[in-house]
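Below are the sequence and a predicted model for it; my questions follow.
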Amino acid sequence: MSRTVATIAALAGLGALALAQDAPGRAFELLKRVVDGSSSVDYSGKRVIEFKVGPDMKAHTELVLRSQGRTRIDFPQGSSLSGQVIVEVPDRREHYFPDSNEIRILPPRRQDAVDRLRFFVEEKSRFKFDVANGGRVAGRNTQMITVSDSKGNKLQQLWIDDQKPLVLKRTMFDPVGTLVGQFEFVTIDFEPRIPRDAFRIRRRGATYVTVEQHAERLAKEKGFAPVLLKDSQAKLEFAEMRQFMGKDVFVQVYEFDGKRLTLFQVERDLDTSRLGRMGRNVKVHTWTSSGRSFALLGELSKAKLEELAKKVSERRSES
Amino acid sequence: MMNQRDLDKQILAAAWDDSPLAPDAERMLDARLGADDLRLVSHAVAQLEQDELSLAWRSALNERLLELQPVKRKSWWAVAWRPALATGLAASVLTVALFRSGPAPSSHAESLENELIRIHLDSAAALDLAGTGLVPHEVASARPAPVEEELDWSSVDLDLL
């Protein structure tokens, strides 16, 4: 009897040891499964998403419907976002704003998000992976993957469904370990019934506005130069006006070759040396034009930023 | 003809007064300097080696003297007050420099650059996280739909059919 118990214990110990040694490999395989298979998962669910905005965290809830690579997002009745609808298909993203009766045309984001997750898989030697039991999320069993940098600083945690290649919960951290954002599905149904025309926005009288037109409009409203980065590889993701110390800061965020580029326009001089020092691996190129200061930031070489900066100009009016 | 004694007196007097010798005395002095015995002495002196000061010898002597000199121990107060004085002086200079430079420069400049970096990093993180969902500025700019446009359909309406 005691020999049997000892044998079982030894085997269990060896198994646990093998699992422990293989954790990075298992984590990596799980991540790869999500990257390769997430497009094929259909579901409907409610997810709560939380961002760090300035010093605070702001949360909102999304009602997500996904089928055959298409996504629709609605917002709960009673929330400040109620009435907005987002529909994304592989080549297009439309965002309906009821207050302005506008349908904004944007580049699709989903593939980019998958590609950025794929970055961990393709550059696996630069990261450390670990896996643990993630417990239950939205009523589903999960595995929790922790992705850290080569020095062991935690970058992200992903809770992946045990059966489906889908991330049900995700947390992200800044370089000093502070939470900068997270989302979590609170309900999920992998056999959704898809309403007809769910992935199409039809609204008579609505105005179609491209993201470039929106950026130009914002710039003109606040007296900024209505300039854009005109490069075939650069996709304008969004433009917004921020306030800093009572002054406007015009922000344009681009996707460029899988990386983020931010174009800033401000009314005062910028200290390039300070900007460069604080940016860690973020490079910066600054210049002035017509009394305004511009800064282009991104994880690209200085020479590339300088080259792209020459392509910042006004768009020709479209007929 | 003056004798040797008188000649010596005249030479001394002339040297003292820095005055020329009398012609007789000058002739006699030339005759004496031109004598063979004096020329021999002069030649012998000229042949002597130049006696130069040996610096190596002097240096070795100095080192030897230093070795033999008893070591002076620094007194406790010398050890204590010198660093204190140096620190005090440095603090004084710093204080004066700070006061003379006027009010501290505004942190506005640094903060704006910092803000731009923060916006860039936050935007990148938000786009990563949101995927197809909303990013923060889209949430912040949300305004409710105009009341006159809302049609409040609900499941109750369906039940009536």
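Perfect, thanks for sending it.

Any idea how many residues pack against the residue of the stretch 51-200 of chain A found nearest chain B?
Across the stretch 51-200 of chain A, the shortest distance to chain B (C-beta to the nearest C-beta) belongs to A:P98, at 3.4 Å. No exception for glycine: its C-beta is placed from N, CA and C like everyone else's. By other C-beta atoms under 10 Å in any protein chain shown, 20 other residues sit near A:P98.

show me where chain B has helices.
B:4-17, B:23-33, B:36-46, B:55-68, B:76-100, B:108-130, B:136-140, B:155-160 (DSSP state H).

hey, least reliable of the ones you listed by pLDDT?
Mean pLDDT is lowest for helix B:76-100 among the helices of chain B, at a mean of 59.

In three-state terms, label A:P24 for me.
At A:P24 the chain is in helix, as set by DSSP: H, G, I helix; E, B strand; the rest coil.

Give me the nearest residue to it, chain neighbours excluded.
Excluding the flanking residues, the one nearest A:P24 by C-beta to C-beta, 6 or more residues apart in numbering or on different chains is A:F129, at 4.5 Å.

domain parsing for the chain?
You didn't say which chain, so I picked chain A. A:22-205, A:211-314 (automatic domain parsing).

The chain in question should be chain B.
B:4-41, B:109-146.

How about the secondary structure of A:T286?
A:T286 is classified as strand under three-state DSSP.

beta partners for A:T171?
Taking DSSP bridges as the rule, A:T171 bridges to A:Q157, A:Q182.

A:V147 is in contact with that one, correct?
No. Contact between A:T171 and A:V147 fails when scored by C-beta atoms under 8 Å: they sit 10.6 Å apart.

re the thing from before, correct me, but the residue of the stretch 51-200 of chain A closest to chain B touches A:F75?
No. At 10.6 Å, A:P98 and A:F75 do not qualify as touching, with contact defined as C-beta under 8 Å.

Next, show the common contact partners of those two.
Residues touching both A:P98 and A:F75 (C-beta atoms under 8 Å, 6 or more residues apart in numbering or on different chains) are A:83-84.

JSON lines please, covering the domains of chain A and showing mean pLDDT.
Listed next are these as JSON lines, based on pLDDT from 0 to 100:
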{"stretch": "domain A:22-205", "mean pLDDT": "91"}
{"stretch": "domain A:211-314", "mean pLDDT": "89"}
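
can you list those domains in JSON lines and add distance to B:E138?
Shown next, in JSON lines, are the domains of chain A (distance: least, C-beta to C-beta, whole Å):
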{"stretch": "domain A:22-205", "distance to B:E138": "7"}
{"stretch": "domain A:211-314", "distance to B:E138": "7"}
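
name the element A:S232 belongs to?
Following DSSP states H and E, there is no helix or strand that holds A:S232.

do the same with A:V131
Going by DSSP H and E, A:V131 is part of strand A:127-137.

Which stretches in the stretch 51-200 of chain A count as strands?
Along the stretch 51-200 of chain A, the stretches classed as strands by DSSP state E, counting those that start in this stretch are A:56-67, A:70-74, A:85-89, A:92-97, A:102-106, A:127-137, A:140-149, A:154-161, A:167-173, A:179-189.

neighbours of the residue nearest to A:A219 when sequence neighbours are not counted, just the number please.
Leaving aside its sequence neighbours, A:A219 sits nearest to A:P226 (C-beta to C-beta, 6+ apart; 4.2 Å). A:P226 sits with 17 neighbouring residues when counted by other C-beta under 10 Å.

what sits against A:P226?
A:215-216, A:219-220, A:314-315.

mind redoing it with 6 Å?
A:216, A:219-220, A:314 (C-beta atoms under 6 Å, 6 or more residues apart in numbering or on different chains).

of all these, which comes closest to chain B?
A:A219 (15.2 Å).

could you measure the closest one against A:E212, distance?
As defined by C-beta to C-beta, to the nearest Å, A:A219 lies at a distance of 11 Å from A:E212.

Repeat that for A:A225.
Taken as C-beta to C-beta, the span from A:A225 to A:E212 is 14 Å.

for B:A125, same thing?
B:A125 is 24 Å from A:E212, by C-beta to C-beta.

the more surrounded of these two?
Neighbours were counted for B:A125 and for A:E212 using other C-beta under 10 Å; B:A125 has more, 21 against 17.

Please tell me I have it right and the more buried one contacts A:V180.
Yes. Counting by C-beta atoms under 6 Å, A:V180 is a contact partner of B:A125 at 4.9 Å.

Find residues that contact each of these two.
Common neighbours of B:A125 and A:V180 (C-beta under 6 Å, 6+ apart) are A:M172.

Which parts of chain A are helices?
So, for chain A - with DSSP H - the helices run A:2-21, A:23-37, A:110-122, A:211-221, A:272-278, A:302-309.

buried ones in the third one?
For helix A:110-122, the buried set under the neighbour-count rule, 16 or more other C-beta atoms under 10 Å in any protein chain shown, comprises A:110-114, A:116-121.

Tell me the helices and strands packed up against that helix.
Applying 3 or more C-beta pairs under 6 Å, 6 or more residues apart in numbering or on different chains; DSSP states H and E, one finds that helix A:110-122 contacts helix A:23-37.

C-alpha coordinates for the helix it packs on, PDB please?
What follows is helix A:23-37, C-alpha atoms only, in PDB (Å, rounded to 0.1, in the frame of the first residue of the first chain):
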ATOM      1  CA  ALA A  23       4.800  26.800 -18.400                       C
ATOM      2  CA  PRO A  24       6.400  29.300 -20.800                       C
ATOM      3  CA  GLY A  25       5.900  26.900 -23.600                       C
ATOM      4  CA  ARG A  26       2.200  26.300 -22.700                       C
ATOM      5  CA  ALA A  27       1.600  30.100 -22.300                       C
ATOM      6  CA  PHE A  28       3.100  30.700 -25.700                       C
ATOM      7  CA  GLU A  29       1.000  28.000 -27.300                       C
ATOM      8  CA  LEU A  30      -2.200  29.400 -25.800                       C
ATOM      9  CA  LEU A  31      -1.300  32.900 -27.000                       C
ATOM     10  CA  LYS A  32      -0.600  31.500 -30.500                       C
ATOM     11  CA  ARG A  33      -4.000  29.700 -30.400                       C
ATOM     12  CA  VAL A  34      -5.700  33.000 -29.800                       C
ATOM     13  CA  VAL A  35      -3.800  34.900 -32.500                       C
ATOM     14  CA  ASP A  36      -4.500  32.200 -35.100                       C
ATOM     15  CA  GLY A  37      -8.100  31.400 -34.100                       C
END
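
Quick one: distance of it to the chain centre.
19 Å (C-alpha atoms, centre = their mean, to the nearest Å).

and B:A14, how many neighbours does it have?
Neighbours around B:A14, by other C-beta under 10 Å: 16.

For it, give me its contacts.
B:L21.

how close does it sit to B:D8?
With C-beta to C-beta as the criterion, B:A14 and B:D8 are 11 Å apart.

So which residue is dead centre in chain A?
Nearest to the geometric centre of chain A sits A:A113, at 5.5 Å (C-alpha atoms, centre = their mean).
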